[in-house]
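coordinates only, sequence not included:
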């Protein structure tokens, strides 16, 4: 997810996206633990997307 796309979302949309990414991260962690994960790079992508969303949410809350 690009930062420009994230900044264009409303805080409600950001919160919903954050929840969905956390669910996906949880599922990928289970797949990694059982050795079933196919796209190992996706774990890092999701982690970085979560950080981007949290950063934008915090900036919008401060403004």
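Received, thanks. As the structure is a computational prediction, the values presented were derived from the model and not from experiment.

Next, count neighbours for residue 22.
Neighbours of residue 22 under the rule other CB atoms under 10 Å: 13. Yep, even glycine has a C-beta here, placed from its N, CA and C like the rest.

So it is in contact with residue 50, correct?
Yes: between residue 22 and residue 50 there is a contact at 6.8 Å, judged by CB atoms under 8 Å.

Could you report the pLDDT at residue 37?
pLDDT for residue 37: 88.

For the closest residue to it other than its chain neighbours, pull up the helix or strand it's in.
Closest residue to residue 37 apart from its sequence neighbours, by CB to CB, 6 or more residues apart in numbering: residue 31 at 4.1 Å. Here residue 31 sits within helix 11-34, counting by DSSP states H and E.

number of nearby residues for residue 49?
There are 19 residues near residue 49, going by other CB under 10 Å.

I misspoke; the intended subject was residue 45.
Neighbourhood size, residue 45 [other CB under 10 Å]: 14.

what's the angle between whichever strand or helix holds it and helix 11-34?
Using DSSP H and E, residue 45 sits within helix 41-62. Here the directions of helix 41-62 and helix 11-34 differ by 150 degrees (axes from the mean of the first three to the mean of the last three CA atoms, to 10 degrees).

to the chain's geometric centre, what's the distance from helix 41-62?
Centre-to-centre, helix 41-62 and its host chain are 6 Å apart (CA atoms, centre = their mean, to the nearest Å).

cool, stretch 30-46 as well?
On CA atoms, centre = their mean, the centre of stretch 30-46 falls 14 Å from that of its chain.

May I see the buried residues of it?
31, 37, 43, 46 (16 or more other CB atoms under 10 Å).

any idea how far the third one lies from residue 22?
Going back to what we said before, that points to residue 43. Distance, residue 43 to residue 22, using CB to CB, to the nearest Å: 13 Å.
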